[in-house]
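Student: based on what follows, work out the 3D shape:
(2 chains)
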Amino acid sequence: MTYSATNSISTDLETLDRISPGTQAYFRARLKRRLYSLVMSKFREAASNGLTKAELARRIGKKPEVITRLMATPGNWRSDTVADLLLGISGEELLPASASPLAAAPRNMRPQDQTLSSAPSYPIRPIAA
Amino acid sequence: MLLSPEVWGLIDGVWTSRAHERRGGALRAELEGFVMGQELSVSVRPRQAGDADLGLLDPIGDGVWDIRSMDPSPGLRVLGGFIRKDVFVGLLPAARSRKVDWLEWGPLGCFDSEEWKEIIRHTRLYWGRLFPMYPRVPGDNVHDLLSDKFNLD
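Tutor: The predicted model follows:
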């Protein structure tokens, strides 16, 4: 049976009808990457002030190798993971906010940065309010 | 990031199934993360990349890397190289551990497999066809390849 091509990401967001599997998967992965980027940037900042993975592990009651594995990829992250890591790194909590990507201003790319030419060019926003 | 038609078709393609479309959508977000300068985990130890987002492949001096997309299943690899600092060229997509009918390459299996050797060889050949005058950035010094926001494994 031929699989019918489903809507583009922007069409799905504009119509808010039946969201296609591709769009769902896209935004799930996008969220994971953003959370990962946020936590890792927090860790990078804390590490510049002396925080180590071993110390972070101690703070949140995990083995150092677990911290290493968690920081390698957000693949298996859950909300608990994000909460624990932020708490241990900087004593912070995540403050979620949401917005439509369609409302974001377009962002100019340099020619050598152009890649996914039809991809939405939404600026990354901090998740915490 | 520059993408071959093979990779572009996977993320923006004509999909043949829901699973295909889901996988393409997730990969698209991960590749965009690279373009947007989000944090990346990097491994310069071939065959020991673990869960890293970007891994250097054997032989080290050849400058062939793979972007490693783990989730959701099936895990995917996008093989390519850096044409200059911060500019990755993704050439050949492959399934890591199981065959899917919407990818030509895969399963790649273990690192000593013939499939791995062949796809690395084809990646070099593809590069040579596209960029005969531009070699890949060689070696394992990540600072030659990425400006910032990477975590070296």
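Student: taking the centroid of chain B, which residue is nearest it?
Tutor: Central residue of chain B (CA atoms, centre = their mean): B:Val78, 2.5 Å from the mean position.
Student: so which strand or helix has that residue?
Tutor: Counting by DSSP states H and E, the element that carries B:Val78 is strand B:76-84.
Student: which parts of the chain are helices?
Tutor: I went with chain A, as the question did not name one. Secondary structure of chain A by DSSP state H: the helices cover A:9-15, A:21-47, A:53-60, A:64-72, A:79-90.
Student: if you could check chain B rather than the one you did, that'd help
Tutor: Under the criterion DSSP H, chain B contains helices at B:5-12, B:18-35, B:114-130.
Student: related to what we said a few turns ago, any idea how far the residue nearest to the centre of chain B is from chain A?
Tutor: B:Val78 sits 12 Å away from chain A, going by CB to the nearest CB, to the nearest Å. All C-beta spots, glycine's among them, are computed from the backbone N, C-alpha and C.
Student: low-confidence stretches in chain A?
Tutor: A:1-6, A:105-129 (pLDDT under 70).
Student: name the residue closest to the centre of it, please.
Tutor: Relative to the mean C-alpha position of chain A, the nearest C-alpha, by CA atoms, centre = their mean, is the one of A:Arg34, at 1.8 Å.
Student: from chain B, how far out is it?
Tutor: Taking CB to the nearest CB, one finds A:Arg34 at 7 Å from chain B.
Student: next: A:Arg28.
Tutor: Going from A:Arg28 to chain B by CB to the nearest CB gives 7 Å.
Student: grab the nearest non-local neighbour of that residue.
Tutor: Leaving aside its sequence neighbours, A:Arg28 sits nearest to B:Ala26 (CB to CB, 6 or more residues apart in numbering or on different chains; 6.8 Å).
Student: try A:Thr15
Tutor: Using CB to CB, 6+ apart, the nearest residue to A:Thr15 is A:Asn7, at 7.2 Å.
Student: what's that neighbour in contact with, if anything?
Tutor: A:15, A:20, A:23 (CB atoms under 8 Å, 6 or more residues apart in numbering or on different chains).
Student: B:Phe34 too?
Tutor: Counting by CB under 8 Å, 6+ apart, B:Phe34 has contacts B:1, B:40, B:53, B:67, B:88.
Student: and the last one, how many neighbours does it have?
Tutor: By other CB atoms under 10 Å in any protein chain shown, the residues close to B:Phe88 number 24.
Student: who's it bridged to?
Tutor: For B:Phe88, the beta-bridge partners under DSSP bridges are B:Phe82.
Student: model confidence for it, exactly?
Tutor: We have a pLDDT of 96 for B:Phe88.
Student: surely it is in contact with B:Phe82?
Tutor: Yes - between B:Phe88 and B:Phe82 there is a contact at 5.6 Å, judged by CB atoms under 8 Å.
Student: what comes up buried for stretch A:74-89?
Tutor: If you call a residue buried by 16 or more other CB atoms under 10 Å in any protein chain shown, then stretch A:74-89 has these buried ones: A:74-75, A:77, A:81-82, A:84-86, A:88-89.
Student: in chain B, where is pLDDT below threshold?
Tutor: B:153.
Student: now tell me what touches stretch B:37-56 from outside.
Tutor: In contact with stretch B:37-56 (CB under 8 Å, 6+ apart) are residues A:33-34, A:36-37, A:40-41, A:44, A:69, A:71-73, A:75, A:124, B:30, B:33-34, B:57-60, B:64-68, B:70, B:111, B:140, B:142, B:146, B:148-153.
Student: coming back round to it: the contacts of A:Asn7, buried ones only, as a PyMOL selection?
Tutor: For the buried members of the contacts of A:Asn7, the matching PyMOL selection, counting by 16+ other CB under 10 Å, is:
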select buried, chain A and resi 20+23
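Student: distance to A:Ala54 added to the contacts of A:Asn7, as CSV?
Tutor: Below are the contacts of A:Asn7 laid out as CSV (distance: CB to CB, whole Å):
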residue, distance to A:Ala54
A:Thr15, 50
A:Ser20, 44
A:Thr23, 40
